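Peer 1: here's my sequence, what's the structure:
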Amino acid sequence: MTVYFRSPALVITERLIRVRVPLGWQVWVISDLRDFGICRRPSPATRRSWLLGGSALVLAVLTVRPHPRLLPIALLLLVAACVWYVIDRRAARRRASSQLWATRRGASIMVFERPDREFDAACRALRRVLQTMQDGHS
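Peer 2: Reported below is the predicted structural model:
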């Protein structure tokens, strides 16, 4: 059996899609699935990043006028808030995921959900499988 895609939680072969679930594996027969669709779920940066950055900016502005000597501390807080925001944005991109949906026996099912980078590779593999199946039936 040819394996088109393999990860610890997902395997796509020429006939099956195996998805790791809490108690083992969910197995889908590809020929039983129709009308594939994708649902993207972006995960934006959390509000704590905006709150921290906004607070640091307000602190910097308020500190400059009455106590100019506190400006380095305020700038340090602003830089820390910016670094926090960048880290949070990267983590948000890792949390973003996509779902592959299909119709099976008249019912809509979620075939699998994976992080975007892995999801895109799995979908390319599934397209190759479907193309191979279509070429074999033609």
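Peer 1: longest single helix anywhere in this protein?
Peer 2: Determined from DSSP state H, the single longest helix within the chain is helix 71-95.
Peer 1: following that one, which helix or strand comes up?
Peer 2: Using DSSP states H and E, the helix or strand that directly follows helix 71-95 along the chain is strand 97-104.
Peer 1: list of residues touching that next one?
Peer 2: Here strand 97-104 makes contact (Cβ atoms under 8 Å, 6 or more residues apart in numbering) with 28, 32-41, 43, 108-116, 119-120, 122-123, 126. C-beta coordinates here come from the backbone N, C-alpha and C atoms, glycine included.
Peer 1: and that strand, what's buried?
Peer 2: Across strand 97-104, burial judged by 16 or more other Cβ atoms under 10 Å covers 97-98, 100-102.
Peer 1: where does the protein have low pLDDT?
Peer 2: Within the chain, the ranges that satisfy pLDDT under 70 run 42-68, 92-96, 137-138.
Peer 1: which stretches of it form helices?
Peer 2: Using DSSP H, the helices of the chain run over 47-64, 71-95, 116-137.
Peer 1: if I look at residue 39, how far off is residue 102?
Peer 2: Noted for residue 39: a distance of 12 Å to residue 102, by Cβ to Cβ, to the nearest Å.
Peer 1: scratch that, residue 127 is what I was asking about
Peer 2: Computed as Cβ to Cβ, the residue 127 to residue 102 distance reads 13 Å.
Peer 1: same deal with residue 129?
Peer 2: Noted for residue 129: a distance of 13 Å to residue 102, by Cβ to Cβ.
Peer 1: now residue 28, nearest residue through space, not along the chain?
Peer 2: Excluding its sequence neighbours, the residue lying closest to residue 28 (Cβ to Cβ, 6 or more residues apart in numbering) is residue 17, at 4.4 Å.
Peer 1: you'd agree that neighbour is up against residue 31?
Peer 2: No. Counting by Cβ atoms under 8 Å, residue 17 stays clear of residue 31, with 11.0 Å between them.
Peer 1: between those two, which one's more packed in?
Peer 2: Higher neighbour count among residue 17 and residue 31: residue 17, with 24 against 10, using other Cβ atoms under 10 Å.
Peer 1: residue contacts, that one?
Peer 2: Residues in contact with residue 17 (Cβ under 8 Å, 6+ apart) are 10-11, 27-28, 30, 33, 111-112, 126.
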